[in-house]
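> The following block contains a protein sequence and its predicted model.
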Amino acid sequence: MFKNYFKTAFRTLLRNKTYGIINIAGLSIGIAACLLLFMVIRYELSYDKFQPNYSNIYNIVTKDTYSDGVDYTPGVPYPALNAFRQDLPELKTGAIYCNYGCQVTITKNSTDTKFLEEMGVFFADPEFFEIFKCKWLIGSEKLLNVPNTISLTKKTAEKYFGEWKTAIGKYIKMDNLLTLQVSGILEDVPANTDFPIRMVGSFKTLQDNPVYGYSTEWGHTTSNFQVYTLLPNNITKKNIENQLRLLAKKYYKNQNGEERINELRALSDMHFDVAIGNLGTHTISRTSLTTLSFIGFLIILMACINFINLSTAQAVGRSKEVGVRKVLGGRRMQLFWQMLGETKIIVLIAASFALIIAQFATPYIKHVISIQEELSIFTLESMLFFILIIITVTLLAGIYPSLILSGFKPVIALKNKINSTTIGGISLRRGLVVVQFAISQILIIGTIVSVSQMNFIKTADLGFNKEATLLLYGSTDSVVLSKQNAFKESLLQIPGVKLVSYNSDAPSSDNNWGSNFAFDHKPDEKFSVFLKAVDENYYNTFGLEFIAGETYTKADSAKKVVINETLLNKLNIKNAHEALGKPIRTGGQKWKTICGVVKDFKTNSLRDEIKPIILFPNKMHYNKTAVKLHSANILQTQKAIQQQWEKFFPENVYAGFFMDELIEDFYQQETQMALLYKLFAGLAIFISCLGLYGLISFMAVQKTKEVGIRKVLGASVSSIVYLFSKEFTLLIGIAFLIAAPLAWYFMNEWLQSFVFRVNIGIGVFIVAILTSMCVAFIAVGYKAIRAAIANPVKSLRTE
């Protein structure tokens, strides 16, 4: 029996090659897309799940509530660690500090080799590794009690010293400030972690070196310093947060903010927390993963719709076969399982091609979404999902056509009285075509909106000039500081250099150096202010515009500061000139005088509100050099700058980045999602075209005689083309009425994550429907025109 099913299925495919190719192509693309998306989503959901205590680990975050909003930071004040341990002894707490942009120097045979480690350099206490389990190849977490020591991962030790076992006892120099002895070796951490540890030093080393910002003040909070806790099974999150509220009243009294408290953030939420972020380089929102899952479902649904449409359309041609089988004793259930078996064979063939497509496409996933390791489709989870997809697609695509075909009455079938109307499939096929084009148009609108937002970001007025601005990353040790003036003068002698400025931070960045502050000799204000240490040339280098006053000079730089419009507004000062000459103080520092007010510039990404900023001079924080270049011969100028850097600072590795590149990094996730929208909108349109081409091919065969008669009676080519295309044009219009409000709702929700965003205008919808119309005409037009120009004599001779 099954042998007969296979024979029938293959014969049917051979008789209807075009429809078979269309079905197999659509299903293989749909299954491959679903399999690839499954691998991506599974990988994103796997972050840090290898930790044995994954469900009980929490990050203690700081929440500041102001009169005009709420602000979260993943960090806590440094003294909070001891307070947690003293007041909450039932909790195990561990601390970790991330040292971003760290320079590591290795000395071999009197030769220094320098490495710039953007990520992965941490300081931690032993308790951290009691919460987060990590395999130690040499030593244990107890080494983190010893100051001026560091432990490396196996791969990092091999990178620095060749053989990892020989690294023990060797020395590394960090930021030209610390000389640390290698005392332990850890197993390499997996790529799917938000704690990309490459080396970890003892927390005591950090405490003994205030240059890294260690402070005993409760008003000082940085996202670099984070505390994690392991909740026992008998204690709830709510219970601990209630105790943290009591602790806040005890320690945060008279601190900045109307209310500052600590809350718990689950490790299981960290990778998906785009707003607060984590210690890694990659986050992705749960909404994005849901969107990817939904897109995968829509793609496979469209492929199934193609199959259903073509199968029910072909049912007329198989009516006699069904009639004969029933006359010879075939029961409806036998015919049903035969037709479903044929569907399964087609799906299996498509699935085989899908595996090949997915295997070929897997290496390119890294270019679409941030995945740090090689993925494989031949894992247990992927294969189980693959089998599930095959079963689901077989049932979804095969049940309805099988019910239609097996339900033919033999008398009507043998008399050839079965047609598209009698099987009741026209309304269904029309409905499914509407669904297909509604899905396509939703994806087209999503693509247009996301691309428009990305273009808006690239061209938005940030309030400063980012073009041709090179940022050099350095350090603030005494040697570097003593050479800054001479280095600056040497840069200004390079023909391609216009301006040079020393600073702690670019105008727009993901750094948030916050502090409590007081204004006009009053008590501390009830909101935080954010700080940037910048020299007097910073304003011209970045093209910041003064709306009142002017910058400070080198002579009086220790006494004056500049503020932005947002801070002015939050202080309820209507006229910027009224702020000039007013005293202002940050933290426990001395009072200074406001000498200027700059027009607002975007302090972070366009997702965020502009923050209140104080710009002040402080040479001890000038770890960056901003160089404004002439637009001509930029590469040549950059090489000359590097030569000067290596001449003045041979002990520091050269690290230069253009400002526009750094800003692009803010929107990595959105850029990736826009690329995915483009990719899957293209796939959706392609699958829709396959289905339309198949249906119009079937219609052309069914209407052969009708077209011939119309041509004999004088019908023009355009009227014949109109005959074929008018129905699909109407269906696309109906699909648009369904897709437009749904797409507007979803994309408007997505845009809410940006404070500064584009509007979804009517032009987006016009482009979407015109695109759908053009695509449909391309798919329908070829077959329609061929049918219209065919010789009517040949058409009528078929009868």
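Everything's here; your move. Residues are numbered from 1 along each chain as shown.

> what packs against the helix or strand hosting Pro741?
In this structure, Pro741 sits in helix 717-751 according to DSSP states H and E. The contact analysis (3 or more C-beta pairs under 8 Å, 6 or more residues apart in numbering; DSSP states H and E) places helix 717-751 against helix 426-459, helix 668-702, helix 704-712, helix 762-789. For glycine as for every other residue, the C-beta is placed from the backbone atoms N, C-alpha and C.

> out of the ones you listed, nearest to Lys522?
helix 426-459 (38.5 Å; C-beta to C-beta).

> Past that closest one, which element shows up next along the chain?
Following helix 426-459 in sequence order, the next helix or strand is strand 469-473 (DSSP H and E).

> So in that sheet, which strands flank that next one, and in what orientation?
Using DSSP bridges, the strands paired with strand 469-473 are strand 624-629 (antiparallel), strand 656-658 (antiparallel).

> ok, back up a step: tilt between the helix holding Pro741 and helix 426-459?
50 degrees (axes from the mean of the first three to the mean of the last three C-alpha atoms, to 10 degrees).

> quick one: average confidence on helix 717-751?
The average pLDDT within helix 717-751 is 83.

> hmm, back to that, mean pLDDT lowest where, among the strands paired with strand 469-473?
With a mean of 87, strand 656-658 has the lowest mean pLDDT of the strands paired with strand 469-473.

> returning to what we had before: can the strands paired with strand 469-473 go into JSON lines with extra columns for distance to Tyr473 and mean neighbour count?
Below are the strands paired with strand 469-473 laid out as JSON lines (distance: least, C-beta to C-beta, whole Å; neighbours: other C-beta atoms under 10 Å):
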{"stretch": "strand 624-629", "distance to Tyr473": "6", "mean neighbour count": "22"}
{"stretch": "strand 656-658", "distance to Tyr473": "7", "mean neighbour count": "15"}
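
> Between the ones you listed, which one is closest to Val451.
So among the strands paired with strand 469-473, strand 656-658 is nearest, using C-beta to C-beta, at 23.0 Å.

> Pull out the buried residues from the very next helix or strand once past the closest one.
Sequence order places helix 659-665 as the next helix or strand after strand 656-658, per DSSP H and E. By neighbour count on 16 or more other C-beta atoms under 10 Å, the buried set for helix 659-665 is Met659, Leu662, Ile663.

> now do stretch 569-583
Within stretch 569-583, the residues scored as buried using 16+ other C-beta under 10 Å are Lys570, Leu571, Ile573, Ala576, Ala579, Lys582.

> remind me which residues of the stretch 551-700 of the chain are low pLDDT?
556-557, 694-695, 697-700 (pLDDT under 70).

> and if we set it to 90?
By pLDDT under 90, the weakly predicted segments of the stretch 551-700 of the chain are 553-559, 570, 572, 574, 586-590, 602-611, 618-623, 631-635, 646, 649-700.

> Report how many residues lie close to Ile760.
Ile760 has 18 neighbours, counted by other C-beta atoms under 10 Å.

> And for Phe686?
Residues near Phe686, counting by other C-beta under 10 Å, number 17.

> so what's it up against?
Ile29 (C-beta atoms under 8 Å, 6 or more residues apart in numbering).

> Could you report the separation of it from Leu36?
Phe686 is 16 Å from Leu36, where distance means C-beta to C-beta, to the nearest Å.

> go on, Tyr502?
Note on Tyr502: its distance to Leu36, by C-beta to C-beta, is 47 Å.

> One more: Lys17?
Taken as C-beta to C-beta, the span from Lys17 to Leu36 is 28 Å.

> Settle it for me: which of the two has more neighbours?
The residue with more neighbours, out of Lys17 and Leu36, is Leu36; 23 against 9, by other C-beta under 10 Å.

> element containing the more buried one, please.
Counting by DSSP H and E, Leu36 is part of helix 17-45.

> which secondary structure elements does that helix contact?
In terms of contacts (3+ C-beta pairs under 8 Å, 6+ apart), helix 17-45 is packed against helix 2-15, helix 286-314, helix 332-361, helix 380-406, helix 668-702.

> Any chance of these in TSV with distance to Lys92 as columns?
Converted to TSV, the helices and strands packed on helix 17-45 look like this (distance: least, C-beta to C-beta, whole Å):
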stretch	distance to Lys92
helix 2-15	61
helix 286-314	28
helix 332-361	43
helix 380-406	32
helix 668-702	33
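
> returning to what we had before: report the distance from the helix holding Pro741 to the chain centre.
Relative to its parent chain, helix 717-751 has a centroid offset of 30 Å by C-alpha atoms, centre = their mean, to the nearest Å.

> what about Leu246, distance to Ile96?
According to C-beta to C-beta, Leu246 stands 25 Å off from Ile96.

> now Ser311
Taking C-beta to C-beta as the measure, Ser311 falls 59 Å from Ile96.

> swap in Ser183?
18 Å.

> Among these two, which residue is more densely surrounded?
Ile96 (23 against 20).

> so when I look at that one, I'm seeing a helix, right?
No: using DSSP: H, G, I helix; E, B strand; the rest coil, the assignment for Ile96 is strand, not a helix.

> Of all the helices and strands packed on helix 17-45, which one is nearest Tyr539?
The minimum distance between Tyr539 and the helices and strands packed on helix 17-45 falls on helix 668-702, with 29.4 Å, by C-beta to C-beta.

> in the closest one, what's buried?
Of the residues in helix 668-702, those buried (16+ other C-beta under 10 Å) are 669-678, 680-681, 683-700.

> Low-confidence regions, the stretch 251-400 of the chain specifically.
In the stretch 251-400 of the chain (pLDDT under 90), the answer is 251-261, 273-348, 361-380, 382, 392-400.

> ok now stretch 286-294, how far from the chain's centre?
Using C-alpha atoms, centre = their mean, the offset of stretch 286-294 from its chain centre is 11 Å.

> same check, this time on stretch 223-234
With C-alpha atoms, centre = their mean, you get 26 Å for stretch 223-234.

> and if you look at stretch 299-313?
32 Å.

> Would you mind writing the CA trace of that stretch as CSV?
This file holds the C-alpha atoms of stretch 299-313, laid out as CSV (Å, rounded to 0.1, in the frame of the first residue of the first chain):
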residue,chain,number,x,y,z
ILE,A,299,7.0,32.6,6.4
ILE,A,300,6.1,28.9,6.9
LEU,A,301,2.4,29.8,6.9
MET,A,302,2.8,31.5,3.5
ALA,A,303,4.5,28.4,2.1
CYS,A,304,1.7,26.2,3.4
ILE,A,305,-0.9,28.6,1.8
ASN,A,306,0.9,28.2,-1.5
PHE,A,307,0.6,24.4,-1.2
ILE,A,308,-3.1,24.5,-0.2
ASN,A,309,-4.0,26.9,-3.0
LEU,A,310,-2.2,24.9,-5.7
SER,A,311,-3.5,21.5,-4.3
THR,A,312,-7.1,22.6,-4.3
ALA,A,313,-6.7,24.2,-7.7
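
> helices or strands up against the strand or helix carrying Trp645?
When elements are assigned from DSSP H and E, Trp645 belongs to helix 634-648. Under the contact criterion of 3+ C-beta pairs under 8 Å, 6+ apart, helix 634-648 touches strand 469-473, helix 478-492, strand 624-629, strand 656-658.

> Nothing else from me, thank you.
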